[in-house]
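[1] whatever this is, show me its structure:
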Amino acid sequence: MSLTTRIGKHFDDSAQTKLQSKKVLAKPIADAAQAMVACLMNDGKILACGNGGSAADSQHFAAELINRFEVERPGLAAIALTTDSSVLTSIANDYDYVQIFSKQVRALGMDGDVLLAISTSGNSPNVIDAIKAAHERNVLVVALTGKDGGKMGAMLKPTDIHICVPTERTARIQEVHLLALHCMCDAIDHLILGGE
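    Okay, the predicted model is just below:
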């Protein structure tokens, strides 16, 4: 197989995964956007966390809310729990790496806030711990996972929202996660601002 054929196959696989995911993810993505708008309109905030590429997605999502997505609007309250190196390293050093997000959720999360918890496998111990902390603080959880949802999927409450990409391949899961986040940004703007 030539390199260009191999690259083309990635494009085909990505497109196919996205089209298959549309059928099962459109409703939970819409539910997540509605829950986030309800939170924001009640002076709440969105907290986001994940590791590696999912940490980057957390930061990307927070940036789109605080700054803007595709249309001009006032900033929306969002915090990526992945960005403060002093907080992250002090928690990891003094306690445990598993607590890097949960301690922040306990400190910052308030009743009515939303935690966006991202893990391609659904098994990231520090994201699982953040979900436990969110449940303690009455913070609604929007879980973005893949495969079978892992341990995260099994621990969600009926009021939480699970966006689980139906594929085993990490790269494809991450690609759909980014699309899901952009869909949420667009839906949030649409719900707040109205329009087409």
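[2] show me what the helix ranked longest in the chain is packed up against.
    If you go by DSSP state H, the chain has its longest helix at helix 3-41. Counting contacts by 3 or more CB pairs under 8 Å, 6 or more residues apart in numbering; DSSP states H and E, helix 3-41 packs against strand 46-49, strand 114-118, strand 140-146, strand 161-165, helix 170-193. From N, CA and C alone the C-beta is placed, and that goes for glycine too.
[3] and the angle for that helix with strand 161-165?
    Put simply, helix 3-41 runs at 180 degrees to strand 161-165, going by axes from the mean of the first three to the mean of the last three CA atoms, to 10 degrees.
[4] ok so, going back, quick one: which of the helices and strands packed on helix 3-41 is nearest D13?
    Closest to D13 of the helices and strands packed on helix 3-41, according to CB to CB: helix 170-193, at 6.4 Å.
[5] who does that closest one touch, helix- and strand-wise?
    Partner elements for helix 170-193 (3+ CB pairs under 8 Å, 6+ apart): helix 3-41, helix 53-66, strand 140-146, strand 161-165.
[6] how about that helix: buried residues?
    172-177, 179-189, 191-192 (16 or more other CB atoms under 10 Å).
[7] ok, the residue nearest to E175 when sequence neighbours are not counted - how many residues close by?
    Nearest non-adjacent residue to E175, counting by CB to CB, 6 or more residues apart in numbering: S14, 5.2 Å away. Neighbourhood size, S14 [other CB atoms under 10 Å]: 16.
[8] is it true that S14 touches I173?
    No: in terms of CB atoms under 8 Å, S14 does not count as a neighbour of I173; the distance is 10.8 Å.
[9] could you find the closest non-adjacent residue to R73?
    In space, R73 is closest to L193, 5.9 Å off (CB to CB, 6+ apart).
[10] any idea how far that neighbour is from T120?
    L193 sits 31 Å away from T120, going by CB to CB, to the nearest Å.
[11] ok, I79 next?
    With CB to CB as the criterion, I79 and T120 are 22 Å apart.
[12] between these two, which is the more surrounded one?
    Shown here are I79 and T120; by other CB under 10 Å, T120 has more neighbours (27 against 20).
[13] could you tell me how many residues sit around the residue nearest to G50 when sequence neighbours are not counted?
    Among residues not flanking G50 along the chain, I118 sits closest, at 3.4 Å (CB to CB, 6+ apart). The tally of other residues near I118 (other CB under 10 Å) stands at 31.
[14] surely I118 meets V176?
    No: the criterion here is CB under 8 Å, and I118 misses it with V176 at 11.7 Å.
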